[in-house]
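S.K.: Dropping a prediction and its sequence here:
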Amino acid sequence: PRRITKVETVVEEEKIERELVEVWKIEESSFRMRAKEAECKSFWHTRKMERKMTEMDWSRMMEKEKFVPMIKRSFELVESPLTVEEMVQATKDAMEEFHLEMVQLFDYYSLLGSGNPYEMQLNAYSSFVEECGVADNSSEFCKKSDCDTMFIQ
């Protein structure tokens with residue numbers, strides 16, 4: 001024999017009120033004027049602007065009296081067959097390839113100090129050299145003291 005059981009289910013609806021929150025929009029934020037005032041006329045850097053920034057940084061480095069001789073010495077240490085012009089171009093190519101990362105590193109480490117956020121202090125630079133493994137104390141020309149000397153010059 002089969003037994004049939006009637007089950008009764010009661011469903012109650014509970015009304016939940018939610019507060020609608022407006023979605024944040026950059027166009028309505030404190031950054032809204034950047035698209036009009038920034039040289040790139042955008043909220044973000046454009047490729048054209050990044051190239052211009054790279055060229056500006058490169059020209060600043062080339063103005064340094066000891067920059068090209070330092071590149072030449074570096075390439076001579078590894079007995080490179082390149083000419084000085086090729087060495088400089090190879091360095092520029094590497095800088096162009098990694099410029100965005102270098103800018104981000106600069107921004108981060110320059111904010112560690114208590115001075116001008118647009119300048120990196122020696123202590124912040126020393127932290128960068130140590131944390132990123134730039135210095136090699138077994139190297140003849142890239143010890144921590146050599147890195148400090150490059151910063152000071």
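M.R.: Right, received. Where do you want to start? Numbering: from 1, shown residues only.
S.K.: Lowest mean pLDDT among the helices and strands of the chain, which one is it?
M.R.: When the helices and strands of the chain are scored by mean pLDDT, DSSP states H and E, helix 67-77 comes last with a mean of 80.
S.K.: Which positions in that helix come out as buried?
M.R.: Of all the residues in helix 67-77, those buried under the rule 16 or more other Cβ atoms under 10 Å are 67-68, 71-72, 75. Heads up, the C-betas are built off the backbone N, CA and C, glycines and all.
S.K.: With stretch 80-92 instead?
M.R.: For stretch 80-92, a neighbour-count test (16+ other Cβ under 10 Å) marks 87-88, 91-92 as buried.
S.K.: Next: stretch 111-130.
M.R.: Buried, per 16+ other Cβ under 10 Å, within stretch 111-130: 113, 120-121, 124-129.
S.K.: Straight-line length of stretch 31-51, end to end?
M.R.: Stretch 31-51 has an end-to-end distance of 23 Å (criterion: Cα to Cα, to the nearest Å).
S.K.: Check this structure and tell me which residue is nearest its centre.
M.R.: Gln104 (1.5 Å; Cα atoms, centre = their mean).
S.K.: so can I have JSON lines of the buried residues of stretch 80-92 showing pLDDT and distance to Trp58?
M.R.: Compiled in JSON lines, the buried residues of stretch 80-92 are given as follows (pLDDT from 0 to 100; distance: Cβ to Cβ, whole Å):
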{"residue": "Met87", "pLDDT": "86", "distance to Trp58": "14"}
{"residue": "Val88", "pLDDT": "88", "distance to Trp58": "10"}
{"residue": "Thr91", "pLDDT": "89", "distance to Trp58": "9"}
{"residue": "Lys92", "pLDDT": "93", "distance to Trp58": "6"}
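S.K.: so which of these comes closest to Met150?
M.R.: Nearest to Met150 among these: Thr91, at 13.6 Å, using Cβ to Cβ.
S.K.: Give me the neighbour count for Phe98.
M.R.: 12 (other Cβ atoms under 10 Å).
S.K.: Quickly find the element holding it.
M.R.: helix 84-110 (DSSP states H and E).
S.K.: same thing with Arg51?
M.R.: Arg51 belongs to helix 47-62, assigned by DSSP H and E.
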